[in-house]
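Asks: Make a model of this:
(4 chains)
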Protein chains: 4
Amino acid sequence: MLLRNLYQPPTARGRLPLCRIWRTVVQVTIDWPQLRAAAADVAGRAYAPYSRLRVGAAGLTGDGRVIYGCNVENASFGLTLCAECGLVSALHALPAVRPGPPEGAAPAAPGAEPARLVAVAVVAGDGAPLLPCGRCRQLLLEAGGPELLVDAPGGPVPLAELLPASFGGADLSVRRDADPAGSS
Amino acid sequence: MLLRNLYQPPTARGRLPLCRIWRTVVQVTIDWPQLRAAAADVAGRAYAPYSRLRVGAAGLTGDGRVIYGCNVENASFGLTLCAECGLVSALHALPAVRPGPPEGAAPAAPGAEPARLVAVAVVAGDGAPLLPCGRCRQLLLEAGGPELLVDAPGGPVPLAELLPASFGGADLSVRRDADPAGSS
Amino acid sequence: MLLRNLYQPPTARGRLPLCRIWRTVVQVTIDWPQLRAAAADVAGRAYAPYSRLRVGAAGLTGDGRVIYGCNVENASFGLTLCAECGLVSALHALPAVRPGPPEGAAPAAPGAEPARLVAVAVVAGDGAPLLPCGRCRQLLLEAGGPELLVDAPGGPVPLAELLPASFGGADLSVRRDADPAGSS
Amino acid sequence: MLLRNLYQPPTARGRLPLCRIWRTVVQVTIDWPQLRAAAADVAGRAYAPYSRLRVGAAGLTGDGRVIYGCNVENASFGLTLCAECGLVSALHALPAVRPGPPEGAAPAAPGAEPARLVAVAVVAGDGAPLLPCGRCRQLLLEAGGPELLVDAPGGPVPLAELLPASFGGADLSVRRDADPAGSS
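Replies: From the prediction side, this is the model:
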């Protein structure tokens, strides 16, 4: 797969020249060391009094922003928000700064669909990558699609490899319509 | 209760002169119309393709920041993040801008505990207040305590009234220690 | 409120003569000591290696069943299932045993709506009642409505007192329809 | 991998002769058609008024029980419980019926660790398999380990293939101890 060959080691600046993102051809440069450093930084602001495992996440969006999240725990353990939850929330909630398209890229169409995640680094308090839990892989899938690149100890991997045969929005509608009781 | 008398109607600028926040006396002004407008604005960026109920949340922190969140839904419905989830994530993840204490307030101690939420407005896509679901009341409790003020149709109410007899971190440790098997 | 007068102390057998449950008049007897004992029993089967706070829940359904749940934790703290999650799952998943209506009660209509929760006891590993967290109050609301009785140290209280001004299914549809973008 | 060769097509009775489950050698027979039929049956009891996608799950435990779960939705979408949530809750909450070890198997040690999931079938309202979302893969991992067999359209697959490079309890403790701030 061509995309596979475009992976960049986290110690070098990766360039993803013609990545198809959200039905738009854009050109973004993935600076993995920067992403990982940003994730490590936000891990320092994690609220993790119960697990004491601090986690930070940093993501690059298709429109060139770097966004952040850290884990926020809760006395009712099940309400804990992982770092990637915050990241996905920020993807939508933070107003996109649109300073014009990057040099050489096609401009975003007016009324375009929301920005998507292109690359994500998740780091624990020890500064090394941490692979997302299952929930967060599913959240990242909806935020970035199967081609989203995820930082890993051996170099970035596409999300499709971390959540193969995934359940998504298409399954929801197709399978509901196939259910005699559901489609009524 | 004195605090009760300090509530400000959402159509006027409220002033909470000596609110005890996170063991520090600070002086913050709650601008309810501004908070509600901010919540309505971020509701417009909600990702709600499944419920089509767009929700935005805006919060004022003890150190004077206004932070945001919107709901972010997922094909696996149970992974949906409410607007308040994003708000609570932002409380911790966004680096606090500390331009010095507000005029007349005691300066923050070095190594101070993280900022807390002081006031929250949640608004649906129709522009009117929406009261948080149970999960989000619990999240807000840990982020702002029972004295956190929550915007409501009839004016702000303290969170303690929306989640009475709440479960919290103290229960976790006390009840665990009271369990012969748990404290081992 | 009349319902209030019908509360039974947890040390005596309560009788709720004409409680309106899910649009059907039924007659169920709430045996609070039995419910609390059942909750304590299932708390002993909790999977709580991370918090070490073991919790059990037992509920009485409108069709006279007693169902159970315990907390099931997860290494990814946010995926933890509270005891009440298991209880609500069991309400629907366990096949109703329908041995005929209780003496004096109207028979269930054919094709009736699913059974509802009527009374719930939640107990920690120390054997004493534990009030549900915010998420679980919301789950119980949809499973039993505001009139659901919840065991508490001072005697049962209706859920409406633990989750006042609650968000529910009606809000979802009404507020969506009030949103120009949402109702399209 | 030897385990791979033991997969049974869902249209035949599979036999997993010497599957190592939870540090104990047991002998269980996986009746995939029975599991799938049980999942389809419980899908009919799903509470899915919002998505209208009904889902059922059935699992075989290491001690030979078949347990169930269906999805239970909530007006606050993010509180929705998937079918696998109910399954995992039932694994722990339902009292194990221990009628003695299956013929030819080693008896369970007294004080043995809780039963584990060995095989799981998840089915939508249309009667066909549905692969778990990311959250549920993580829940199943803790309930059954990477060797848990999951029903899929092309035949059962081990969970390790659906959630590779997974985060688990060992990561939690190891990574926390590697964090100077976390291990204090």
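Asks: got the residues of chain A near chain C?
Replies: Proximity of chain A to chain C (Cβ under 8 Å from any Cβ of the partner chain) is limited to residues A:50-51, A:73, A:75-82, A:85, A:133-136. C-beta coordinates here come from the backbone N, C-alpha and C atoms, glycine included.
Asks: Give the buried subset of the residues you listed as a PyMOL selection command.
Replies: Buried residues among the residues of chain A next to chain C (16 or more other Cβ atoms under 10 Å in any protein chain shown), as a PyMOL selection:
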select buried, chain A and resi 50+51+73+75+76+77+78+79+80+81+82+85+133+134+135+136
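Asks: Could you identify the most distant pair in the residues of chain A next to chain C?
Replies: A:Ala75 and A:Gly134 (23.1 Å; Cβ to Cβ).
Asks: Chain D: which of the residues of chain A next to chain C is nearest?
Replies: When those are compared for distance to chain D (Cβ to the nearest Cβ), A:Gly134 wins out at 3.1 Å.
Asks: Looking at the residue nearest to the closest one when sequence neighbours are not counted now. What's its pLDDT?
Replies: Excluding the flanking residues, the one nearest A:Gly134 by Cβ to Cβ, 6 or more residues apart in numbering or on different chains is D:Gln138, at 3.1 Å. Note on D:Gln138: pLDDT of 98.
Asks: Does D:Gln138 touch D:Leu159 like I think?
Replies: No: with the criterion set as Cβ atoms under 8 Å, D:Gln138 and D:Leu159 do not qualify as a contacting pair; they are 9.8 Å apart.
Asks: who has more neighbours, the two?
Replies: When D:Gln138 and D:Leu159 are compared for neighbours, D:Gln138 comes out ahead with 29 against 23, by other Cβ atoms under 10 Å in any protein chain shown.
Asks: who touches the more buried one in this structure?
Replies: If you count contacts by Cβ atoms under 8 Å, 6 or more residues apart in numbering or on different chains, D:Gln138 has them with A:133-135, C:74, C:76, C:79, D:163, D:166-167.
Asks: Could you export those residues to JSON lines, including columns for secondary structure and pLDDT?
Replies: JSON lines is the format used below for those (DSSP: H, G, I helix; E, B strand; the rest coil; pLDDT from 0 to 100):
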{"residue": "A:Cys133", "secondary structure": "coil", "pLDDT": "98"}
{"residue": "A:Gly134", "secondary structure": "helix", "pLDDT": "98"}
{"residue": "A:Arg135", "secondary structure": "helix", "pLDDT": "98"}
{"residue": "C:Asn74", "secondary structure": "coil", "pLDDT": "98"}
{"residue": "C:Ser76", "secondary structure": "coil", "pLDDT": "98"}
{"residue": "C:Leu79", "secondary structure": "helix", "pLDDT": "98"}
{"residue": "D:Leu163", "secondary structure": "coil", "pLDDT": "98"}
{"residue": "D:Ser166", "secondary structure": "coil", "pLDDT": "97"}
{"residue": "D:Phe167", "secondary structure": "coil", "pLDDT": "95"}
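Asks: shaky segments in chain A?
Replies: Per-residue confidence for chain A (pLDDT under 70) gives these ranges: A:1-27, A:96-113, A:182-184.
Asks: Please enumerate the strands of it.
Replies: Shown for chain A, the strands assigned by DSSP state E span residues A:13-16, A:20-21, A:24-25, A:28-31, A:55-61, A:66-70, A:117-124, A:149-150, A:157-158.
Asks: Could you show which parts of chain A are in contact with chain B?
Replies: A:42, A:45-47, A:49-50, A:56, A:68-70, A:72, A:74-76, A:79, A:81, A:83, A:85-86, A:88-95, A:114, A:135, A:138-139, A:142-143, A:167-169, A:171-172.
Asks: Selection in ChimeraX covering whichever of those are buried, please.
Replies: Written as a ChimeraX command, the selection of buried residues from these, which uses 16+ other Cβ under 10 Å, is:
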select /A:42,45,46,47,50,56,68,69,70,72,74,75,76,79,81,83,85,86,88,89,90,91,92,93,94,135,138,139,142,143,167,168,171,172
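Asks: So which of the residues of chain A next to chain B sit within helices?
Replies: Those of the residues of chain A next to chain B mapping onto helices are A:42, A:83, A:85-86, A:88-93, A:135, A:138-139, A:142-143, A:169, A:171-172, per DSSP state H.
Asks: how deep is A:Val174 tucked in, by neighbour count?
Replies: Here the neighbour count serves as a burial measure; for A:Val174 (other Cβ under 10 Å) it reads 12.
Asks: For it, give its distance to chain C.
Replies: Computed as Cβ to the nearest Cβ, to the nearest Å, the A:Val174 to chain C distance reads 23 Å.
Asks: again with A:Pro158
Replies: Spatial separation of A:Pro158 from chain C under the definition Cβ to the nearest Cβ is 21 Å.
Asks: nearest spatial neighbour of that residue, skipping sequence neighbours?
Replies: According to Cβ to Cβ, 6+ apart, the nearest residue to A:Pro158 is A:Glu147 (5.5 Å).
Asks: Test my guess that that neighbour contacts A:Val157.
Replies: No: judged on Cβ under 8 Å, A:Glu147 makes no contact with A:Val157 at a distance of 10.9 Å.
Asks: Those two: who's more crowded?
Replies: When neighbours are counted by other Cβ under 10 Å, A:Val157 comes out ahead of the other of A:Glu147 and A:Val157, with 18 against 15.
Asks: Please name the nearest non-neighbouring residue to the more buried one.
Replies: Nearest residue to A:Val157, sequence neighbours excluded (Cβ to Cβ, 6+ apart): A:Val150, at 5.7 Å.
Asks: from memory that neighbour sits against A:Leu163, does it?
Replies: No: counting by Cβ under 8 Å, A:Leu163 is not a contact partner of A:Val150; they are 9.7 Å apart.
Asks: Start and end of stretch A:143-153, how far apart?
Replies: Between the opening and closing residues of stretch A:143-153 we find a distance of 22 Å, counting by Cα to Cα, to the nearest Å.
Asks: List the buried residues in it.
Replies: Residues A:143-145, A:148-152 are the ones in stretch A:143-153 that count as buried (16+ other Cβ under 10 Å).
Asks: Just the closest of those residues to chain D, please.
Replies: Nearest to chain D among those: A:Ala152, at 7.1 Å, using Cβ to the nearest Cβ.
Asks: tell me the contacts of the closest one?
Replies: The neighbourhood of A:Ala152, defined by Cβ under 8 Å, 6+ apart, consists of A:129, A:131, D:165.
Asks: Based on its surroundings, how many neighbours for A:Asp177?
Replies: Applying the criterion other Cβ under 10 Å, we find 13 residues in the vicinity of A:Asp177.
Asks: before we move on, what about A:Pro156?
Replies: For A:Pro156, the number of neighbouring residues by other Cβ under 10 Å comes to 23.
Asks: hang on, the earlier thing: adding distance to B:Val28, write the buried residues of stretch A:143-153 out as JSON lines.
Replies: Compiled in JSON lines, these are given as follows (distance: Cβ to Cβ, whole Å):
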{"residue": "A:Ala143", "distance to B:Val28": "33"}
{"residue": "A:Gly144", "distance to B:Val28": "37"}
{"residue": "A:Gly145", "distance to B:Val28": "41"}
{"residue": "A:Leu148", "distance to B:Val28": "39"}
{"residue": "A:Leu149", "distance to B:Val28": "41"}
{"residue": "A:Val150", "distance to B:Val28": "39"}
{"residue": "A:Asp151", "distance to B:Val28": "38"}
{"residue": "A:Ala152", "distance to B:Val28": "43"}
